[in-house]
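**Student:** this one's structure only:
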């Protein structure tokens with residue numbers, strides 16, 4: 001049985017990328033048959049092609065063997081006792097593994113993060129450094145700790161008749177995710193770690209997360225910070241200060257990061273022409289689109305596409 005169950009809905013821009021939902025089976029544990037929070041005890045296989053979890057983040061801990069794949073264009077190698085955090089809407093492709101590869105997985109939706117009160121304790125403003133550094137190798141103490149969490153999760157999710165069962169499970173997962181963030185922050189380099197600071201209060205963190213959601217959902221089509229500020233009913237100056245307080249990064253940098261990712265996805269995974277990409281992402285013309293990409297990526301869109309396809313053949 002596959003570890004992932006494809007959602008058959010096709011998307012206009014990424015026709016060859018399969019959007020995914022967590023699979024079902026005896027070793028896939030849920031709260032009341034909901035896909036919002038799923039714990040998988042075994043890997044079970046991986047479909048061919050390019051895949052993308054649209055609605056979930058996924059914590060993956062390799063328990064045996066090894067695997068290699070591309071994650072948003074970055075080559076990732078997983079060995080035993082490596083922890084990998086797959087972010088929502090990220091693209092995974094070219095998956096290969098040894099015959100004995102196995103892993104544990106915890107799938108969680110953004111809605112479940114709210115249910116677990118995670119935003120009170122931590123903001124997903126960590127998204128940029130975690131996207132760039134999604135893997136960490138676990139030490140012996142970490143391995144023992146996460147094994148205990150996993151055993152507790154499996155025990156309580158199999159005993160759904162107990163009182164306060166959903167609350168107990170969410171409490172365990174919430175603490176588990178905080179431990180994951182703690183371990184991953186430890187593995188970040190000094191520069192990335194300095195991007196994460198705990199200022200702004202709960203309101204600021206919620207607003208920062210909402211900004212991140214809007215930027216991600218715009219998929220590169222909105223590039224003016226003042227437009228996002230208007231959607232959030234704040235001034236651009238306030239939004240800039242908020243992002244600096246909570247993430248130590250300018251809103252324009254975050255917008256550019258997601259815009260570049262949207263462009264690169266189209267250059268990698270579609271046959272769209274430069275005109276079509278410029279139109280799709282609401283650039284005024286292909287010339288302006290080309291200048292924007294070269295300014296941020298250091299090469300023209302066509303040079304990027306050519307380099308990507310050359311690298312694929314190696």
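**Tutor:** Yep, that arrived. Keep in mind it's a predicted model, so treat the numbers as computed, not measured. Residues are numbered from 1 along each chain as shown.
**Student:** ok, how many other residues are close to residue 226?
**Tutor:** By other CB atoms under 10 Å, 12 other residues sit near residue 226. In this view, the C-beta of every residue, glycine as well, is placed from N, C-alpha and C.
**Student:** One more: the one 3 residues further on?
**Tutor:** By other CB under 10 Å, the residues close to residue 229 number 19.
**Student:** quick one, what contacts it?
**Tutor:** Applying CB atoms under 8 Å, 6 or more residues apart in numbering to residue 229 gives the contacts 235-236, 238-239.
**Student:** 6 Å - rerun?
**Tutor:** 236, 239 (CB atoms under 6 Å, 6 or more residues apart in numbering).
**Student:** how much space between it and residue 214?
**Tutor:** When distance is defined by CB to CB, to the nearest Å, residue 229 is 10 Å away from residue 214.
**Student:** ok, now residue 224?
**Tutor:** Counting by CB to CB, the gap from residue 224 to residue 214 is 12 Å.
**Student:** These two - which one has more neighbours?
**Tutor:** Taking other CB under 10 Å, residue 224 and residue 214 do not tie; residue 214 has more neighbours (16 against 12).
**Student:** which SS class is the more buried one?
**Tutor:** Classification of residue 214 by DSSP: H, G, I helix; E, B strand; the rest coil places it in helix.
**Student:** ok now do it, which residues does it touch?
**Tutor:** Per CB under 6 Å, 6+ apart, neighbours of residue 214: 228, 231.
**Student:** beta partners for residue 51?
**Tutor:** When assigned by DSSP bridges, residue 51 has beta-bridge partners residue 18, residue 92.
**Student:** hey, where'd the helices end up in the stretch 201-314 of the chain?
**Tutor:** Assigned by DSSP state H, counting those that start in this stretch, the helices in the stretch 201-314 of the chain fall at 201-218, 225-231, 236-247, 251-269, 274-280, 286-297, 301-313.
**Student:** State which helix of this protein is the longest.
**Tutor:** Longest helix of the chain, by residue count under DSSP state H: helix 165-187.
**Student:** could you point out where the stretch 151-300 of the chain is predicted with low confidence?
**Tutor:** 188-202, 247 (pLDDT under 70).
**Student:** Check the spacing between the residue nearest in space to the middle of the chain and residue 184 real quick.
**Tutor:** Taking CA atoms, centre = their mean as the criterion, residue 87 is the residue nearest the geometric centre of the chain, at 1.1 Å. Applying CB to CB, the value for residue 87 to residue 184 is 12 Å.
**Student:** Please apply the same query to residue 269.
**Tutor:** Distance from residue 269 to residue 184, by CB to CB: 27 Å.
**Student:** for residue 248, same thing?
**Tutor:** To residue 184, residue 248 is 17 Å away according to CB to CB.
**Student:** Have a look at the two and say which one is more surrounded.
**Tutor:** Taking other CB under 10 Å, residue 248 and residue 184 do not tie; residue 184 has more neighbours (20 against 13).
**Student:** measure that one to residue 142 for me?
**Tutor:** From residue 184 to residue 142 the distance is 11 Å (CB to CB).
**Student:** again with residue 35
**Tutor:** 28 Å.
**Student:** Kindly report the same for residue 233.
**Tutor:** 42 Å.
**Student:** For the stretch 1-150 of the chain, give me the ranges with low pLDDT.
**Tutor:** 1-15, 110-111, 113-129.
**Student:** go again using 50 as the cut-off
**Tutor:** Residues of the stretch 1-150 of the chain that meet the criterion pLDDT under 50 lie in 1-15, 119-125.
**Student:** hang on, the earlier thing: buried ones in the longest helix of the chain, by neighbour count?
**Tutor:** By neighbour count on 16 or more other CB atoms under 10 Å, the buried set for helix 165-187 is 168-170, 172-174, 176-177, 180-181, 183-185.
**Student:** from these, which two are the most distant?
**Tutor:** Spatially, the most separated pair among the buried residues of helix 165-187 is 168 and 185, at 26.4 Å (CB to CB).
**Student:** Run through who's touching stretch 259-276.
**Tutor:** With CB under 6 Å, 6+ apart, stretch 259-276 has contacts from 14, 219-220, 223, 277, 286, 293, 296, 301, 304-305, 308.
**Student:** now these as JSON lines including neighbour count?
**Tutor:** Listed next are the contacts of stretch 259-276 as JSON lines, based on neighbours: other CB atoms under 10 Å:
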{"residue": "14", "neighbour count": "17"}
{"residue": "219", "neighbour count": "17"}
{"residue": "220", "neighbour count": "23"}
{"residue": "223", "neighbour count": "18"}
{"residue": "277", "neighbour count": "23"}
{"residue": "286", "neighbour count": "16"}
{"residue": "293", "neighbour count": "25"}
{"residue": "296", "neighbour count": "12"}
{"residue": "301", "neighbour count": "22"}
{"residue": "304", "neighbour count": "18"}
{"residue": "305", "neighbour count": "20"}
{"residue": "308", "neighbour count": "14"}
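**Student:** For those residues, name the two members farthest from one another.
**Tutor:** Farthest pair in those (CB to CB) is 223 and 308. Separation: 22.7 Å.
**Student:** Before I go, just wanted to say thanks for your time.
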